[in-house]
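1. Any chance you could fold what I've pasted below:
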Amino acid sequence: MSPSRESRPTIEFATRSGALGEVVGDARLKDRFPKVLQSVAGVSLKTSSSGQSVECAAVLLAFDTLTVTYEVTTTTVLSDKSLSEAASASVAAAFRSFPTLPDLLLVEGHGVSGTGRMGLAVCIGVNLNLPTIGVATEIDLGTSKPLHEMRGAFSPLRDAGVQIGWMLRSKVNEAPLVVSPGHHVSMAAAPELVMAMVQHNRMPEPIRLASMLLKHV
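-> Numbering: from 1, shown residues only. Have a look, this model is predicted:
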């Protein structure tokens, strides 16, 4: 069962044995977000049809109601930038227009569950120095035990015996999500935080709404 809206910001998350350490490359997997969250942002990105730029949609939500308070889209030309550099630049440009920075950021993509432990959520979280979680729809690396069909069930995702993320059943009769920290969020905290922002859909609201906005870019 997922935590209640009242309890979710103050949960004390225990360290997971067998998981990645608190320092993974440039990422820091230790909770550095407020105990009482006020705001959360969601980010969705895609390359343009020409393949020459990265398009970003970012939404800012009130954490208690999960309603949008601000939204913006940006485009960054690849030029001599790598895809991850362009993605980070596009998100940074979006956040410069935000009225306030979010307490927590959800990125559509992998965190430390990505190849080389450097998924998109890691690149963006480290670049912006914000607490960040990656939420992906498909496994990049690793394996997991069969997951219970109950809504809110989660199971460790492991690579070579080391936990790199979680498989999270956000909606009954839907494929699970891959959830992993990107920066300033612990492995233990990630799945419950994401589940607390899932309403009636498979994806958590910040990412779902950003993805919808991106479709209109």
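2. pLDDT averaged over the helix or strand that contains Ala86 - what is it?
-> Element membership for Ala86, per DSSP states H and E: helix 83-96. Averaged across helix 83-96, pLDDT comes to 93.
3. May I see the buried residues of that helix?
-> For helix 83-96, the neighbour count (16 or more other CB atoms under 10 Å) marks Ser84, Glu85, Ala86, Ala87, Ser88, Ala89, Ser90, Val91, Ala93, Ala94, Phe95 as buried. In short, each C-beta sits where N, CA and C put it, glycine included.
4. partners of whichever helix or strand comes after it in the sheet?
-> If you walk from helix 83-96 toward the C-terminus, the next helix or strand you reach (DSSP H and E) is strand 104-108. Using DSSP bridges, the neighbouring strands of strand 104-108 in the sheet come out as strand 39-47 (parallel), strand 132-136 (parallel).
5. which residues of this structure fall in strands?
-> Remark: strands assigned in the chain by DSSP state E are 23-24, 27-28, 39-47, 53-62, 67-77, 104-108, 132-136, 143-144, 154-159, 162-168, 177-183.
6. burial of the residue nearest to Arg158 when sequence neighbours are not counted, as a residue count?
-> Counting by CB to CB, 6 or more residues apart in numbering, the nearest residue to Arg158 once its immediate chain neighbours are dropped is Gly142, at 5.4 Å. Residues within reach of Gly142, counting by other CB atoms under 10 Å, total 19.
7. Same check on Ala57?
-> When neighbours are defined as other CB under 10 Å, Ala57 has 27 of them.
8. shift numbering so it begins at 37
-> Let's use 37 as the start, then, which means that last one is Ala93.
9. List the contacts of it.
-> With contacts defined as CB atoms under 8 Å, 6 or more residues apart in numbering, the neighbours of Ala93 are Val79, Ser80, Leu81, Glu107, Val108, Thr109, Ala130, Ala246, Ser247, Leu249, Leu250, Val253.
10. pLDDT weak spots in the chain?
-> Residues of the chain meeting the criterion pLDDT under 70: 37-54.
11. again, only using 50
-> Across the chain, the ranges flagged by pLDDT under 50 are 37-53.
12. Pick the most buried one from the strands of the chain.
-> Burial among the strands of the chain, expressed as mean neighbours by mean count of other CB atoms under 10 Å, is greatest for strand 213-219, which shows a mean of 31.
13. by contact count, what packs against that one?
-> strand 63-64, helix 156-164, strand 168-172, strand 190-195, strand 198-204, helix 226-231 (3 or more CB pairs under 8 Å, 6 or more residues apart in numbering; DSSP states H and E).
14. what angle sits between it and helix 156-164?
-> When axes from the mean of the first three to the mean of the last three CA atoms, to 10 degrees is applied, the directions of strand 213-219 and helix 156-164 differ by 20 degrees.
15. what pairs with strand 213-219, and is each one parallel or antiparallel?
-> Note on strand 213-219: by DSSP bridges, its sheet partners are strand 168-172 (antiparallel), strand 198-204 (antiparallel).
16. quick one: Val234 and Val76, what's the gap?
-> Taking CB to CB, to the nearest Å as the measure, Val234 and Val76 are separated by 12 Å.
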